[in-house]
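Participant: just the structure for this:
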Amino acid sequence: MKIKHYTPSTSNLAYSVGVTLDRFIKMKQDDFPYASGELSQLLRDIALASKIVNRETNRAGLSNIGGAFGNTNVQGEEQQKLDVIANIRFTRAMTKGGEVCAVVSEEDDEVIDLQNKSGKYVVAIDPLDGSSNIDVNISIGTIFSIYRRVTPIGSPIQAEDIMQPGNQQVAAGYVLYGSSTMMVYTTGNGVNGFTYEPSLGEFFLSHPDMCAPKDGKIYSINEGAFNFFEPGLKNYLEVCKNRTYSARYIGSLVADFHRNLLKGGIYIYPSTSKAPHGKLRLLYEANALAFIAEQAGGKATDGTQRIMDILPQSLHQRTPLYIGSMKMVDEVEGILKVHRTLV
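Facilitator: Residues are numbered from 1 along each chain as shown. Now for the predicted structure:
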């Protein structure tokens with residue numbers, strides 16, 4: 001009997017499609033702080049729900065699921081129909097997966113106890129960031145943050161399971177629904193990005209070991225609120241303009257952050273005289289992106305302190321956010337400090 005040893009083909013007739021998300025998670029499981037399989041399965045559950053949300057997003061204009069739902073969320077923001085759909089999809093996936101005991105969602109006033117008595121993880125999630133852009137076909141996203149519960153398994157959910165600072169995250173990520181759909185995540189061992197191939201129904205590794213440029217020439221901020229900014233921030237924006245930096249602001253947090261992560265830049269959503277505590281939510285927006293930024297070599301602060309060191313005091317707590325390339329965040333922090341000292 002003749003035996004032929006397999007060697008990878010170099011023919012152009014069948015190109016390699018790469019490493020799937022599922023295979024990558026299995027390969028990297030030993031990197032997880034608790035390599036018992038539950039976190040791996042949780043990431044797969046989130047990926048599955050994101051595929052369904054991607055499908056719904058792509059057909060929103062044809063199936064009458066765009067537009068307002070008619071309710072407002074706890075922040076007083078008008079819910080879009082896809083907000084509600086995405087919230088249901090992700091919550092259902094985590095309920096059936098069994099690894100999650102509780103969910104904190106932008107779309108729910110209170111903590112959702114999933115009744116998974118053996119669940120070891122708590123997930124904070126913005127199911128559909130930038131949903132006001134759905135009707136105009138602009139990129140939107142999902143942001144998620146994963147914590148290990150601190151109270152005993154099987155006991156009722158307690159505040160200490162939920163109110164954890166970002167430095168206790170075991171994983172975080174986002175999904176960008178744009179010209180292509182990408183899932184980017186970290187478990188504290190670097191950042192990797194996966195692009196969805198709809199014909200195969202799989203995410204494939206497309207951006208391994210993502211690193212944010214140390215400096216950049218893009219600043220992302222809603223300058224329409226310029227008159228309400230503090231003097232230090234106004235000064236920094238003048239510096240950016242004098243250097244002919246590019247102003248790029250989509251209005252979808254995930255999309256703005258993703259661009260700056262790849263190209264170098266800073267995203268700013270500051271405190272203002274109208275919103276002294278900022279607008280973005282600490283638990284399910286700022287912490288997750290701060291973890292990713294730091295793992296990619298960037299930085300995230302509230303203008304004074306590291307985002308991931310802030311101890312949350314309320315479920316939907318807001319925070320200012322300065323996030324992106326290390327040198328740009330350092331510079332704006334320095335300018336803010338000087339001006340605040342003078343006051």
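
Participant: what ranges does the protein have for its helices?
Facilitator: For the chain, the helices defined by DSSP state H cover 21-27, 38-58, 81-97, 159-162, 231-242, 253-263, 287-295, 326-342.

Participant: most tightly packed of these?
Facilitator: Burial of the helices of the chain is given as mean neighbour count (mean count of other C-beta atoms under 10 Å); helix 287-295 ranks first at a mean of 27. Glycine gets a C-beta too; all of them are placed from N, C-alpha and C.

Participant: between that helix and helix 326-342, how many degrees?
Facilitator: Using axes from the mean of the first three to the mean of the last three C-alpha atoms, to 10 degrees, the direction of helix 287-295 lies 120 degrees away from that of helix 326-342.

Participant: so who does residue 331 touch?
Facilitator: Residues near residue 331 by C-beta atoms under 8 Å, 6 or more residues apart in numbering: 236, 239.

Participant: please read the previous query as pertaining to residue 327.
Facilitator: By C-beta under 8 Å, 6+ apart, the neighbours of residue 327 are 214-215.

Participant: touching, residue 22 and residue 44? I think so.
Facilitator: Yes. The pair residue 22 / residue 44 is scored as a contact, 6.3 Å apart, by C-beta atoms under 8 Å.

Participant: report the buried residues of stretch 218-230.
Facilitator: Of the residues in stretch 218-230, 218-221, 229-230 count as buried by neighbour count, 16 or more other C-beta atoms under 10 Å.

Participant: make TSV out of those and add distance to residue 112.
Facilitator: Converted to TSV, these look like this (distance: C-beta to C-beta, whole Å):
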residue	distance to residue 112
218	37
219	37
220	32
221	33
229	36
230	36
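
Participant: count the neighbours of residue 285 for me.
Facilitator: Per other C-beta atoms under 10 Å, the neighbour tally for residue 285 reads 26.

Participant: so which of the helices of the chain comes closest to residue 143?
Facilitator: helix 287-295 (5.0 Å; C-beta to C-beta).

Participant: surely residue 292 is in contact with residue 184?
Facilitator: Yes. Using C-beta under 8 Å, residue 292 is in contact with residue 184, at 6.7 Å.

Participant: can you name the residues that contact residue 183?
Facilitator: So residue 183 contacts 21, 47, 50, 173-175, 193-194, 196, 203 (C-beta under 8 Å, 6+ apart).

Participant: which strand residues bridge it?
Facilitator: Residue 183 forms beta bridges with residue 175, residue 194, as assigned by DSSP bridges.

Participant: what of residue 169?
Facilitator: Applying DSSP bridges to residue 169 gives these bridge partners: residue 147.

Participant: next one, pLDDT for it please.
Facilitator: pLDDT recorded at residue 169 is 97.

Participant: now do the contacts for it.
Facilitator: With C-beta under 8 Å, 6+ apart, residue 169 has these contacts: 145-147, 188, 287-288, 291, 308.

Participant: dump the residues you listed to TSV, plus pLDDT and distance to residue 321.
Facilitator: TSV is the format used below for those (pLDDT from 0 to 100; distance: C-beta to C-beta, whole Å):
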residue	pLDDT	distance to residue 321
145	98	14
146	97	20
147	97	19
188	95	21
287	98	10
288	98	11
291	98	13
308	98	12
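
Participant: sorry, back to before: which one among the buried residues of stretch 218-230 gets closest to residue 105?
Facilitator: Closest to residue 105, out of all of these and judged by C-beta to C-beta, is residue 220, at 25.2 Å.

Participant: correct me if wrong: residue 197 contacts residue 204.
Facilitator: Yes. Judged on C-beta under 8 Å, residue 197 makes contact with residue 204 at a distance of 5.7 Å.

Participant: and residue 308, what does it touch?
Facilitator: 165-167, 169, 287, 290-291, 294, 300.

Participant: let's see 10 Å
Facilitator: Each residue near residue 308 by C-beta atoms under 10 Å, 6 or more residues apart in numbering is listed here: 165-169, 172, 282, 286-288, 290-291, 293-294, 300-301.

Participant: again, but for residue 323
Facilitator: Per C-beta under 10 Å, 6+ apart, neighbours of residue 323: 212, 220, 253, 256-257, 260-261, 265-269, 280, 286, 289-290, 292-294, 298-302, 307, 329.

Participant: do that again at 7 Å, thanks
Facilitator: 257, 267, 289-290, 293, 298, 300, 329 (C-beta atoms under 7 Å, 6 or more residues apart in numbering).

Participant: please apply the same query to residue 214.
Facilitator: Taking C-beta under 7 Å, 6+ apart as the test, what residue 214 contacts is 297, 325-327.

Participant: would you point out the helix or strand in this protein whose mean pLDDT is lowest?
Facilitator: None of the helices or strands of the chain scores lower by mean pLDDT, DSSP states H and E than strand 68-72, at a mean of 51.

Participant: sorry, back to before: and of the contacts of residue 214, the nearest to residue 128?
Facilitator: residue 325 (26.9 Å).

Participant: run a quick neighbour tally on the nearest residue to the closest one once chain neighbours are set aside.
Facilitator: Distance criterion C-beta to C-beta, 6 or more residues apart in numbering; nearest residue to residue 325, sequence neighbours excluded, is residue 216 at 4.4 Å. Counted with other C-beta under 10 Å, the neighbours of residue 216 add up to 21.

Participant: can you lay out the contacts of residue 214 as JSON lines showing pLDDT?
Facilitator: Shown next, in JSON lines, are the contacts of residue 214 (pLDDT from 0 to 100):
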{"residue": "297", "pLDDT": "98"}
{"residue": "325", "pLDDT": "98"}
{"residue": "326", "pLDDT": "98"}
{"residue": "327", "pLDDT": "98"}
